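[1] the sequence and its predicted three-dimensional model are supplied below.
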Amino acid sequence: MTVKDYEEIIGKRMKSARLKHSKNVAKEAVRLAKKYGADVQKAEIAGILHDATKETPDDEQLALMEKIGLSSAEMKNSSRKLWHAISGSAFVQTELGITDEDIINAIRYHTTGRANMTVLEKVIFVADFTSADRDYEGVDKMRKIADKDLDEAVLEGMAFTIADLAQRKVTIAPDTFAGYNYMAALKSKK
């Protein structure tokens, strides 16, 4: 399948604003992939598909996650906001036939990050933060960092996420903490 085929499929699953965001993430992912040496085609595919199930009803997301071996009970105890990344990775495997682990993991960890991310995973994580449609306080700083150092941008994104979630007193995914600690330790070695 081509990126246009994927775009057509997800366009039926989401509102136009979300599709616009997905296109912007794909475009930014291609730019970052070229800059930092990730596979450009994989970056574009993961970028367009990263939010494929964000607007999917909960019961359908749970069914998708069960198809890849996750239990509904386990998922119901996790943050609902993170489901779309997990169900999205399940969707691309089970419904689109994507078997490339790097694409699957880039979608799976685009929200939380994790320790020891691949370059593609980092690209999608950062592209979601810095795409042209993003307009949050600090986005300009994040874009400048992303243009200079991908690892620093990942660390900044994780720090932003942790601070935001802690300030709102909501749960923080263990993968985000692990990713932050991994990236901070990597930075201290430089």
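    Perfect, thanks for sending it.
[2] alpha carbons only for contacts and neighbour counts from here, please
    OK.
[3] pLDDT weak spots in the protein?
    By pLDDT under 70, the low-scoring segments of the chain are 71-78.
[4] give me the nearest residue to the spatially most central residue of it, chain neighbours excluded.
    Central residue of the chain (C-alpha atoms, centre = their mean): H110, 1.7 Å from the mean position. Closest residue to H110 apart from its sequence neighbours, by C-alpha to C-alpha, 6 or more residues apart in numbering: F125 at 4.5 Å.
[5] tell me the helix or strand right after the helix or strand encompassing that neighbour.
    Of the helices and strands defined by DSSP states H and E, F125 is found in helix 119-130. As assigned by DSSP H and E, the chain's next helix or strand after helix 119-130 is helix 139-148.
[6] same question for that following helix: list its buried residues.
    Residues of helix 139-148 classed as buried: V139, M142, R143, I145, A146 (neighbour count, 16 or more other C-alpha atoms under 10 Å).
[7] stretch 83-100 now?
    Those buried within stretch 83-100 under the rule 16+ other C-alpha under 10 Å are W83, H84, A85, I86, S87, G88, S89, A90, F91, V92, Q93.
[8] host element of the first one?
    Yep, that's W83 we're talking about. Using DSSP H and E, W83 falls in helix 83-94.
[9] distance from the chain centre to that helix, please.
    Taking C-alpha atoms, centre = their mean, to the nearest Å, the mean C-alpha location of helix 83-94 is offset from the chain mean by 11 Å.
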